[in-house]
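Engineer: turn this into a model:
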Amino acid sequence: MTGLSMPLRPVVFGEVLYDMFPDGTEVLGGAPFNVAWHLQGLGLAPLFVSRVGHDRLGDRILHAMDEWGMDTSAVFQDPDHPTGQVRVSLENGQPDFDIVPDVAYDHVMPGMVKNLYDHRAYGPLYHGSLIGRMPDSAQTLSLLRQSAPSIFMDINLRAPWWNKAQLDELLQGINWIKMNDNELATLSGCQIDNNESVEQTTRGMLENYAWQAAIVTRGSEGAMLLTPEQTRLIAPVEVGRLVDTVGAGDGFSAVWLAGLLRDWSDEVKLQRAVEFASAICSLRGATNQDVEFYRHYRYLWTL
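Structural biologist: Model prediction:
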């Protein structure tokens, strides 16, 4: 939408959790939650749909969302399952991630959202692949996908919580998809080692699934956007001070959604998404509580 009209509110469905480190550090995250956080910071007022436990961590999540001004009306509390956790351990100096199963976000029930899209203020649906790992939330995801006017799927393959048959079903009927080159290689079974192989493999999938656009992020190689009409390649934006790359892809997705809602051209969406993802790499962690960080982009992009 343009002019003075208000954009539709994006709906973000998926996991919210805490990364639990051996030293006792607890870090709030989950890719869909990170996307919703950025969208809120950018002034897009997302509706985040998930579930947390009736426990200490669940209360902390709701408090953090309140403090950030996020709508908590679709984050349901579960008296029977705990808030999501990822247990991080170190083995030979390398981190190992155990995504705890059967947690609150695995049990978002279809009845909780069955009339959500009757409210015309809601627009594109964002989701990943982890939220469909267990039957309750998988059924809810299916219901939301049937109701949403458009769908942006961000592939986040987390072993052992996916299989090719289920993923193939999710890849159908969506409008936009984002994945990194490693995920592209896993999905396609092809070797991905240069831009030519990325383009060739992705274009085959684009035509097979009839997506409007496919985005492949390539880290230090930048990102590639493919539509039925063209291919665009953009180099990464130089990071002044690289802190870590955690959550850069989630920042990219948030800005792509913002561009969809504001009718930016594909070229502008791609450029701004890469720029924002690079800025995230200069911060510690996946999200940022600095209002000025987001205000800069809201002003720059007239959000």
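Engineer: dump the residue contacts of the residue nearest the centre of the chain.
Structural biologist: Per Cα atoms, centre = their mean, the C-alpha nearest to the average position across the chain is that of residue 32, at 4.2 Å. With contact taken as Cβ atoms under 8 Å, 6 or more residues apart in numbering, residue 32 is in contact with 12-16, 48, 50, 126-128, 131. Any C-beta I mention is one placed from the backbone N, CA and C, and that applies to glycine too.
Engineer: which one of these is nearest residue 219?
Structural biologist: Residue 219 has its nearest neighbour among the contacts of residue 32 in residue 128, at 18.8 Å by Cβ to Cβ.
Engineer: the closest one and residue 33 touch, don't they?
Structural biologist: No - Residue 128 is beyond contact range of residue 33, at 10.6 Å (criterion: Cβ atoms under 8 Å).
Engineer: can you pull the residues that touch both of the two?
Structural biologist: Shared contacts of residue 128 and residue 33, defined by Cβ under 8 Å, 6+ apart, comprise 14-15.
Engineer: scan the contacts of residue 32 and report the most crowded one.
Structural biologist: The member of the contacts of residue 32 surrounded by the most neighbours (other Cβ atoms under 10 Å) is residue 12, with 31 neighbours in all.
Engineer: for that one, what are phi and psi?
Structural biologist: phi -120, psi 120 (degrees, to the nearest 10).
Engineer: just give the closest residue to it, not the sequence neighbours.
Structural biologist: residue 36 (4.2 Å; Cβ to Cβ, 6 or more residues apart in numbering).
Engineer: from the contacts of residue 32, pick the one nearest residue 281.
Structural biologist: Nearest to residue 281 among the contacts of residue 32, counting by Cβ to Cβ, is residue 128 at 20.3 Å.
Engineer: any idea how far that closest one is from residue 155?
Structural biologist: Look at residue 128 and residue 155: by Cβ to Cβ, to the nearest Å, they are 7 Å apart.
Engineer: mind checking the SS state of residue 81?
Structural biologist: Look at residue 81: counting by DSSP: H, G, I helix; E, B strand; the rest coil, its state is coil.
Engineer: might one say that it is in contact with residue 100?
Structural biologist: No - contact status for residue 81 versus residue 100: not in contact, 10.2 Å apart, counting by Cβ under 8 Å.
Engineer: pick out whichever of these two has more residues nearby.
Structural biologist: For residue 81 versus residue 100, neighbours defined as other Cβ under 10 Å are more numerous around residue 81 (19 against 15).
Engineer: make a markdown table out of the contacts of residue 32 and add secondary structure.
Structural biologist: Shown next, in a markdown table, are the contacts of residue 32 (three-state DSSP):
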| residue | secondary structure |
| --- | --- |
| 12 | strand |
| 13 | strand |
| 14 | coil |
| 15 | coil |
| 16 | coil |
| 48 | strand |
| 50 | strand |
| 126 | strand |
| 127 | strand |
| 128 | coil |
| 131 | helix |
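Engineer: would a markdown table of the residues you listed with pLDDT be doable?
Structural biologist: Shown next, in a markdown table, are the contacts of residue 32 (pLDDT from 0 to 100):
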| residue | pLDDT |
| --- | --- |
| 12 | 98 |
| 13 | 98 |
| 14 | 98 |
| 15 | 97 |
| 16 | 97 |
| 48 | 98 |
| 50 | 98 |
| 126 | 98 |
| 127 | 98 |
| 128 | 96 |
| 131 | 97 |
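Engineer: can you list the residues you listed in JSON lines and add distance to residue 147?
Structural biologist: Listed next are those as JSON lines, based on distance: Cβ to Cβ, whole Å:
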{"residue": "12", "distance to residue 147": "15"}
{"residue": "13", "distance to residue 147": "11"}
{"residue": "14", "distance to residue 147": "16"}
{"residue": "15", "distance to residue 147": "20"}
{"residue": "16", "distance to residue 147": "22"}
{"residue": "48", "distance to residue 147": "17"}
{"residue": "50", "distance to residue 147": "17"}
{"residue": "126", "distance to residue 147": "14"}
{"residue": "127", "distance to residue 147": "13"}
{"residue": "128", "distance to residue 147": "18"}
{"residue": "131", "distance to residue 147": "16"}
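Engineer: closest to residue 274 among those residues?
Structural biologist: residue 126 (18.3 Å).
Engineer: any idea what the closest one is bridged to?
Structural biologist: residue 12, residue 152 (DSSP bridges).
Engineer: which residues touch it?
Structural biologist: 10-14, 32, 35, 151-154, 253, 257.
Engineer: what are the ranges of the helices in the stretch 201-303 of the chain?
Structural biologist: Applying DSSP state H, counting those that start in this stretch to the stretch 201-303 of the chain gives helices spanning 248-261, 266-280, 291-300.
Engineer: so what pLDDT did residue 94 get?
Structural biologist: As predicted, residue 94 sits at a pLDDT of 62.
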